[in-house]
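Chemist: could you look at this predicted model? Sequence included:
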Amino acid sequence: MQTIAYLGPPGTFSEEAAAAYANSFETASLLPLASIPAVVTAIETAAASIGVLPIENLLEGSVNYTLDLLIHETSLPIVGEIVIPIRQYLVARHALSLSEIEVLYAHPQSLGQCRRFIERCLPNVATVASLSNSAAPAEAMADPRRAAAISTLRAAEITGANILARDIADNLSNVTRFIALAQGEASPSGDDKTSFCFAFREDRAGTLVEALRALAEEGINMTKLESRPAKESLGKYIFLVDINGHCSETHIARALERIAAQSGLFKIFGSYPRWVNNGN
């Protein structure tokens with residue numbers, strides 16, 4: 001049986017992603033942990049077989065903590081990915097109506113993502129920041145005031161909260177991409193993605209273009225390019241890239257070898273099956 005670690009507590013979007021990833025196995029159990037590094041350590045010490053971590057949100061961008069961990073702190077390969085919709089719910093005690101709400105608990109990101117609903121439907125309500133989308137409904141249920149919360153569906157079920165409004169986020173297309181880490185590398189599936197990073201020994205004109213030309217000349221589609229500070233000196237960056245294909249494919253391996261030869265730092269995070277939405 002697979003044990004899938006994730007950033008807890010239960011009721012978060014991370015739990016939803018872990019549960020969805022668990023569906024690809026015959027039997028699996030979920031292990032909530034207190035931090036992203038704890039998830040990685042659990043895999044490295046065999047306390048868990050797979051770890052699911054957030055890496056990118058449609059609205060907020062990349063999860064820098066996860067990226068820095070991949071770059072600097074672990075050699076565990078990415079073996080899969082999953083993308084889940086971010087659906088926000090307004091919840092409260094069963095006897096409470098929308099017009100009676102005095103205080104609103106929510107994670108700061110959820111407050112920002114539901115700004116339009118809050119301004120229009122809860123204009124004079126005080127807001128309180130919660131540590132997670134699962135903590136918010138629990139705190140609201142425990143507050144003696146007429147309190148509500150922005151919550152996940154799972155957290156509402158756990159706390160027994162009543163759903164007052166559904167899909168209250170400004171952008172209903174919001175999704176978060178999660179990656180799965182494990183001890184062994186993923187075999188080619190025929191529809192894969194490879195993630196890697198690189199940095200240059202010296203800063204000179206054209207170095208990035210020269211490195212990326214290897215992908216173009218091999219006919220490789222690059223789906224993502226971003227940079228992170230190298231944490232060595234100002235102006236020095238590490239570039240992170242996603243491409244279509246598995247690193248074991250001849251033309252992919254050839255291109256990666258060319259980039260590695262031009263780089264001071266080069267690290268493949270993993271090749272893994274590409275997440276496909278509704279079979280498209």
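Modeler: Here it is on my side, so go on. Here the structure is a predicted model, which is why all the values come from computation and not from measurement. Residues are numbered from 1 along each chain as shown.
Chemist: for residue 266, see how far away residue 201 is.
Modeler: Distance, residue 201 to residue 266, using CB to CB, to the nearest Å: 11 Å. (Glycine included, C-beta is placed from N, CA and C.)
Chemist: between the two, who's got more neighbours?
Modeler: residue 266 (16 against 10; other CB atoms under 10 Å).
Chemist: name the nearest residue to that one, ignoring sequence neighbours.
Modeler: Computed as CB to CB, 6 or more residues apart in numbering, the closest residue to residue 266 that is not its neighbour in sequence is residue 260, at 4.1 Å.
Chemist: what is the burial count for the one you found?
Modeler: Using other CB under 10 Å, residue 260 has 16 other residues around it.
Chemist: okay, and the spatially most central residue of the chain sits in which element?
Modeler: Nearest to the mean C-alpha position of the chain, by CA atoms, centre = their mean, lies residue 54 at 1.8 Å. According to DSSP states H and E, residue 54 maps onto strand 50-57.
Chemist: how does this protein divide into domains?
Modeler: Domain ranges of the chain: 2-86+174-182, 89-166, 192-273, per automatic domain parsing.
Chemist: is it true that residue 27 touches residue 3?
Modeler: No - using CB atoms under 8 Å, residue 27 and residue 3 do not qualify as a contacting pair, with a distance of 10.2 Å.
Chemist: these two: which is more packed in?
Modeler: Between residue 27 and residue 3, counting by other CB under 10 Å, residue 3 is the more crowded of the two (17 against 7).
Chemist: could you pull out the helices in the stretch 51-200 of the chain for me?
Modeler: Using DSSP state H, counting those that start in this stretch, the helices of the stretch 51-200 of the chain run over residues 64-72, 108-113, 115-121, 135-142, 153-159.
Chemist: for those, which one ends up most surrounded?
Modeler: Burial of the helices of the stretch 51-200 of the chain is given as mean neighbour count (mean count of other CB atoms under 10 Å); helix 135-142 ranks first at a mean of 22.
Chemist: which other residues reach that helix?
Modeler: 9, 11, 91-93, 103-107, 110, 128, 130, 147-151, 155-156, 158-161 (CB atoms under 8 Å, 6 or more residues apart in numbering).
Chemist: and residue 103, what is it in contact with?
Modeler: Residue 103 makes contacts with 125, 126, 127, 128, 140, 143, 145, 146, 147, 148, as judged by CB under 8 Å, 6+ apart.
Chemist: so in terms of bridging, what pairs with the residue nearest to residue 148 when sequence neighbours are not counted?
Modeler: Counting by CB to CB, 6+ apart, residue 148 lies nearest to residue 92, which is 4.0 Å off, once chain neighbours are set aside. Beta bridges link residue 92 to residue 148, residue 162, judged by DSSP bridges.
Chemist: burial count for residue 92?
Modeler: 27.
Chemist: same question, the one 4 residues further on
Modeler: A count of nearby residues for residue 96, using other CB under 10 Å, gives 18.
Chemist: how about residue 46?
Modeler: Each residue near residue 46 was counted by other CB under 10 Å, and the total is 9.
Chemist: CA atoms of stretch 22-42 as PDB?
Modeler: Taking Å, rounded to 0.1, in the frame of the first residue of the first chain, the C-alpha atoms of stretch 22-42 are listed here in PDB:
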ATOM      1  CA  ALA A  22      -4.100   8.300  -4.500                       C
ATOM      2  CA  ASN A  23      -6.800   7.200  -7.000                       C
ATOM      3  CA  SER A  24      -4.100   6.000  -9.300                       C
ATOM      4  CA  PHE A  25      -3.200   3.300  -6.900                       C
ATOM      5  CA  GLU A  26      -5.200   0.200  -5.800                       C
ATOM      6  CA  THR A  27      -4.700   1.000  -2.100                       C
ATOM      7  CA  ALA A  28      -3.300   4.100  -0.500                       C
ATOM      8  CA  SER A  29      -3.400   6.000   2.800                       C
ATOM      9  CA  LEU A  30      -2.900   9.700   3.400                       C
ATOM     10  CA  LEU A  31      -0.400  11.200   5.800                       C
ATOM     11  CA  PRO A  32      -0.900  14.900   6.700                       C
ATOM     12  CA  LEU A  33       2.300  16.700   7.900                       C
ATOM     13  CA  ALA A  34       3.000  20.100   9.300                       C
ATOM     14  CA  SER A  35       5.300  21.500   6.600                       C
ATOM     15  CA  ILE A  36       6.700  21.100   3.100                       C
ATOM     16  CA  PRO A  37      10.100  20.000   4.400                       C
ATOM     17  CA  ALA A  38       8.400  17.400   6.600                       C
ATOM     18  CA  VAL A  39       6.800  15.900   3.500                       C
ATOM     19  CA  VAL A  40      10.200  15.600   1.800                       C
ATOM     20  CA  THR A  41      11.900  14.100   4.900                       C
ATOM     21  CA  ALA A  42       9.100  11.600   5.200                       C
END
